[in-house]
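Colleague: What would the 3D arrangement of this be:
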Amino acid sequence: MSLRASPAPALLALAFLLLVACTRPLPAAYADYAGHWRGEGVLLVIAPNGHADYERVREGRRTSIEGPVHGFSAEGFKIGLGPLSASFEVQVPPHLAGGRWRMTVDGVELTRVEILPVEAERETLRL
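Modeller: Reported below is the predicted structural model:
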């Protein structure tokens with residue numbers, strides 16, 4: 001009887017490395033897209049390093065995708081790789097309105113939420 005290792009872990013590791021390798025920083029012209037964005041049933045996180053997470057809950061169904069954000073244009077952007085990517089239409093690009101950053105993506109108005117950075121040296125929370 002011979003024991004053979006399953007190729008699944010190696011394929012997953014390769015897919016992860018490809019995903020990380022394809023992540024590129026946001027183009028300077030689209031730096032305003034970076035941040036944590038929330039709207040009616042939508043959470044969109046675009047990191048300056050070019051990684052994005054998107055989640056939408058509508059009519060009891062959840063849709064999510066994560067991966068490199070790319071293909072920026074006046075019409076929108078994409079998240080993911082190849083056939084596993086999704087296109088997002090930007091009706092209103094990021095802009096300041098009423099002291100808050102806002103944009104409209106796929107018909108949903110999103111507001112950027114300011115997230116405080118975590119201090120690595122601090123081990124306990126001080127109030």
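Colleague: show me the contacts for T104.
Modeller: 90-92, 110 (C-beta atoms under 8 Å, 6 or more residues apart in numbering). C-beta: built from backbone N, CA, C; applies to glycine.
Colleague: State the three-state secondary structure for it.
Modeller: What DSSP: H, G, I helix; E, B strand; the rest coil gives for T104 is strand.
Colleague: And A29, by the same measure?
Modeller: helix.
Colleague: what's the answer for L26, then?
Modeller: Applying three-state DSSP: L26 is coil.
Colleague: my guess is it meets G35, correct?
Modeller: No - the pair L26 / G35 is not scored as a contact, 10.6 Å apart, by C-beta atoms under 8 Å.
Colleague: got any residues that touch both of those two?
Modeller: I46.
Colleague: what's the burial count for G98?
Modeller: Number of residues near G98 (other C-beta atoms under 10 Å) recorded here: 6.
Colleague: Relative to the strand or helix carrying V57, what are the paired strands and their orientations?
Modeller: Per DSSP states H and E, V57 falls inside strand 51-58. Here strand 51-58 is paired, per DSSP bridges, with strand 42-46 (antiparallel), strand 61-70 (antiparallel).
Colleague: ok, residues contacting that strand?
Modeller: In contact with strand 51-58 (C-beta under 8 Å, 6+ apart) are residues 23, 41-46, 62-69, 79, 86, 88, 106, 108.
Colleague: Buried ones only from the residues you listed, please, as a ChimeraX command.
Modeller: Command for ChimeraX, covering only those of the contacts of strand 51-58 found buried under the criterion 16 or more other C-beta atoms under 10 Å:
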select :23,42,43,44,45,46,65,67,68,69,79,88,106,108
